[in-house]
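Asker: sequence and predicted structure are below.
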Amino acid sequence: MSPQQSKVDSDDEHSLATEAEETAHLEDVVPEHADSEEEPGETMEQQLARAQDTIKDYWDQMMRLRAEIDNNLKRAERDVENAHKYALKNFIENLLPVIDSMEMGQVAAGANNATLDSIREGSELTMSMFVQVLEKNGLEQINPLGEKFDPERHQAISMTEADNAASNTVIEVMQKGFSLNDRLVRPAMVVVAK
């Protein structure tokens with residue numbers, strides 16, 4: 001017998017011995033009929049009845065779990081639906097004082113002692129409140145007057161010669177732009193110096 005053949009036989013014997021030890025260990029841990037829990041003197045009908053009871057218990061547990069899963073799915077769908085319905089609730093609540101201010105301004109403008117200055121002042125205060133509500137909710141005005149033209153945030157509607165401004169600088173804002181949480185909603189419409 002060659003030394004290599006002897007080594008292979010030795011390895012086979014070692015693996016067989018290891019498998020035998022593992023099998024013996026499993027038999028110690030899990031008895032041969034652990035599932036059936038057979039009691040001495042029990043008839044087949046009794047074993048069948050006990051097995052049917054076990055199946056019924058498992059079926060009931062499965063049905064309860066299925067009902068719980070269905071309830072969780074319905075609850076999640078309802079939560080998503082409510083989130084869609086009421087997503088703007090806080091924003092609307094913040095706008096209510098602006099609406100109240102506009103209504104008071106209309107009443108004040110209709111009064112006999114209303115002056116143009118008082119109406120203008122009330123209108124400016126209402127506009128300021130409105131802008132604050134928008135900013136509080138993530139809206140930012142883009143007013144790039146005097147800034148370098150940025151095609152990502154500005155839309156040039158014309159270019160003109162300007163002696164007092166550097167080339168490619170915004171010299172007039174025709175319409176302010178807006179971004180919501182750093183995402184452009186509308187670019188500012190601008191006039192750019194040549």
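Answerer: Yes, it's here.

Asker: buried stuff in the helix or strand hosting residue 133?
Answerer: Element membership of residue 133 [criterion: DSSP states H and E] is helix 116-136. Neighbour counts over helix 116-136 (16 or more other Cβ atoms under 10 Å) mark 122, 126, 129-130, 133-134 as buried. From N, CA and C alone the C-beta is placed, and that goes for glycine too.

Asker: any chance of those residues in TSV, with pLDDT too?
Answerer: Shown next, in TSV, are these (pLDDT from 0 to 100):
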residue	pLDDT
122	90
126	94
129	94
130	94
133	93
134	93
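
Asker: ok, the residues you listed vs residue 41, which is closest?
Answerer: Nearest to residue 41 among the buried residues of helix 116-136: residue 133, at 82.5 Å, using Cβ to Cβ.

Asker: need the residues that contact the host helix or strand of residue 96.
Answerer: For residue 96, the element it lies in under DSSP H and E is helix 89-110. Helix 89-110 is contacted from outside by 114, 118-119, 122-123, 125-126, 129-130, 133, 136-137, using Cβ atoms under 8 Å, 6 or more residues apart in numbering.

Asker: which two in those are spaced the farthest apart?
Answerer: Maximum distance among these (Cβ to Cβ): 31.9 Å, for 114 and 137.

Asker: what ranges do the strands span in the chain?
Answerer: For the chain, applying DSSP state E gives strands covering 139-142, 154-160, 170-175, 177-180, 183-186, 188-193.
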